[in-house]
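S.K.: next come a sequence and a model predicted from it.
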Amino acid sequence: MSEKIITVQNLSKSYFLKHKNAERYTALRDVLTNKAKSIINPKSKIPNPKSEEFWALNDISFDIKQGERVGIIGRNGAGKSTLLKVLSRIVTPTKGRVTIDGRVASLLEVGTGFHPELTGRENIFLNGSIVGMSKAEIKKKFDEIVAFSEVEKFLDTPVKRFSSGMYVRLAFAVAAHLEPEILLIDEVLAVGDSSFQKKCLGKMEDVSKREGRTVLFVSHSMETVLRLCDKTILLDNGEIKQIGPTETVIKSYLNTGTESSSYRSWLNSPNIPSNNIVKLRKVSVHNESYEIKATFEITKKIGVSMEYEVLEDGDVFTHSYNFFNEEGVNVFNTHDVVSDIRTKPRSKGIYTTTMWIPENLLAEGVVVVGVAIIKIEPFTIYYHEKEAVSFNVIDYMKGDSARGNYTLGFPGMVRPLCKWETEKREMK
Amino acid sequence: MSKHRIIIEPGTENSNYWKDIWNYRGLFYFLAWRDILVRYKQTAIGVLWSVIRPLLTIFVMWFIGWLFGSNVPEGVPRILLVCAATLPWQFFSSSFSETSNSLIANSNLLTKVYFPRLIVPASTVIVCLIDFLISFMILIGFMIYYQYIPDYKMFFLPLFLLLAIITAMGIGLYISALNVKYRDFRYIIPFVVQFGLYVSPVAFSSTDIYNSEKIPELLKYIYSLNPMVGVIDGFRWCILGGNTSIYIPGFLTSIAISLLFLFIGVWYFRKMEKSFADII
């Protein structure tokens, strides 16, 4: 199982970027007029300032062993898709060398080559052959594919009449039944409704874990990468920034990625949230030892601190935070109802307040924090900064969170670790 | 361990290129099958279109030939003469224009999956070939109507069909590769097809040209450079038998030019193939 199946040596790929009149294709007209210009005025032949070399991949080397499931993560434009395109032979590299021992199937898109006029049945055959299945193979798996897609009734309807959900299901069903030695997947799981996504992920896990297939998987969903891959490559600006066990790589990616957003200072800001009594200075999100972090384990306490300045003696007010998830749903709000200082008139000076989010409360994902200073009687908002900072909550799936050993999709805005008691008796 | 070893490097020639095409024959078959299925979907008369279109052209060409009084060999109905030329011409023009646009039409495949790109234009030719075979019914219909019985030369017809395929493929490959980079060719293709219809012996016959005293020798020579002249003359020779003749030097020139086109087409296509996904 430890044989190298993919060897990538010093791989680079460059593109020429056009700055001005960035048309999608070259027109012969432009080539001819440029030639003509340079004949009339040979001096004008400056190395074309309109284009610039851009290295989508820059000197990348790594090995992948047989049966490994490798995630590829990185920001948009880091070179993830280019890497997959080179490995699947769609584009040729500019430099370097790749050796692959085995049949490769790439899934850069669901339903590549689907034709809207053809029926579901016809498209299964067409798409199957496009992604590299033989006719016999498709025939053998036809019933399985149809069952998986849940569109039996519409098999003889042109896919242009399919709903987009049905379309995606059919397309993914074909892809899920591919059986190459090496599978390259680009972000295709980000489609379909969540229950079908779950089914797809389950199938993928099946294929890769049970059958020992080598999988390269590009994704923006850290959750999925954590679940599927044992090793992860972090790309940044076309270079490998880190390569190693998935958990370690994701940790460092998330921490570097959003460092600035879990701490913010308004000291030099032109728009300081304030009124004539208080003025916001800084907000940070930190762990129990007050280290500012962008990512927090779901099983750990999270502290949110706010520093502000009181400009006038004698006023009474309290602090308030709001928490929103990625979808903009208000997960919870809180204001200080317990501290002593909230009922006492303040003197001028700088104050810092810290609020602790209990462990095992927030669900995995991005959390956006809004901060405010308010007066309860009469209700007045002194200032309210709606998107002050943000941070990530992640579950490393060690089994000590509300997930236990369950690793699939887990909806819900909060994720408390609840107490369960079961006794052998009738209900009171 | 698998025997499939793939090495990806810049600039190296793929030594298994033709073997790869053979391995991907399944895809070739499915692409052709798709185009055939899709061709007349949601049309009321479906496949009849592959008969009606050439039939209308035949009537127009017959009328033009009759109007200008082009020569007809003895014992041959004019419509058969026109028919024997229109069918290969239609095959050529449709396969030429469709192969030229085939890469762009399939750009979503080119940027998402690997396969030898030659499969795309090649499968397009197959679709046109099937159209041609259907439209061949017209010729058979006229033959029955005029009770015209062809002789043994009919068996050479596949050879000339092959010549037509070679010609269409050669030019089509070249233009399709160019079209990926310079979309100007999209506008040139219909013009070439239209122009070609008038300089090829569809409404008239090559003997009109070669026997004419008004036409200078140089123009006659240029005329024979058109590879479709060879194809159409060949078709007429096969179908209409001894009543027509082939101008041998002109015919050999046509074959040479067709082969040259094919060679240049394949060479240029393979040279450009690697960058298709980058620039399409």
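M.R.: Looks like it arrived, so ask away.
S.K.: what sits against B:Thr57?
M.R.: Residues counted as contacts of B:Thr57 (C-beta atoms under 8 Å, 6 or more residues apart in numbering or on different chains) are B:Thr86, B:Gln90. Backbone N, C-alpha and C define where each C-beta goes, glycine included.
S.K.: looking at this, it is in a strand?
M.R.: No - counting by DSSP: H, G, I helix; E, B strand; the rest coil, B:Thr57 falls outside a strand, being helix.
S.K.: pLDDT at it, what is it?
M.R.: Predicted confidence (pLDDT) for B:Thr57: 92.
S.K.: now swap in A:Val329 and tell me
M.R.: A:Val329 is given a pLDDT of 83.
S.K.: and B:Phe142, by the same measure?
M.R.: 92.
S.K.: can you say which helix or strand has it in it?
M.R.: Per DSSP states H and E: B:Phe142 is located in helix B:119-145.
S.K.: near chain A at all, whatever helix or strand comes next after that helix?
M.R.: Next along the chain after helix B:119-145, taking DSSP H and E as the criterion, comes helix B:157-181. Yes - Helix B:157-181 lies within reach of chain A by C-beta under 8 Å from any C-beta of the partner chain, at B:Val180, B:Lys181.
S.K.: ok, which stretches of the chain are helices?
M.R.: Picked chain A for this. A:28-40, A:80-87, A:120-130, A:135-149, A:164-176, A:194-205, A:211, A:222-228, A:246-257 (DSSP state H).
S.K.: meant chain B, my bad for not saying
M.R.: With helices called from DSSP H, chain B shows them at B:17-23, B:25-39, B:49-67, B:78-105, B:107-110, B:119-145, B:157-181, B:185-199, B:206-211, B:217-225, B:227-240, B:248-273, B:276-279.
S.K.: would you list the helices of chain A in a markdown table and tack on mean pLDDT?
M.R.: Formatted as a markdown table, these follow (pLDDT from 0 to 100):
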| stretch | mean pLDDT |
| --- | --- |
| helix A:28-40 | 72 |
| helix A:80-87 | 90 |
| helix A:120-130 | 90 |
| helix A:135-149 | 90 |
| helix A:164-176 | 83 |
| helix A:194-205 | 74 |
| helix A:211 | 75 |
| helix A:222-228 | 80 |
| helix A:246-257 | 77 |
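S.K.: okay, the helices of chain B in TSV with distance to A:Phe391 next?
M.R.: Putting the helices of chain B into TSV (distance: least, C-beta to C-beta, whole Å) gives the following:
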stretch	distance to A:Phe391
helix B:17-23	50
helix B:25-39	48
helix B:49-67	63
helix B:78-105	47
helix B:107-110	39
helix B:119-145	49
helix B:157-181	47
helix B:185-199	52
helix B:206-211	82
helix B:217-225	74
helix B:227-240	70
helix B:248-273	48
helix B:276-279	39
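S.K.: which of these sits closest to A:Gln242?
M.R.: The closest of these to A:Gln242 is helix B:276-279. By C-beta to C-beta, the value is 28.2 Å.
S.K.: touching chain A at all, the closest one?
M.R.: Yes - interface with chain A: helix B:276-279 contributes B:Ala277, B:Asp278, B:Ile279 (C-beta under 8 Å from any C-beta).
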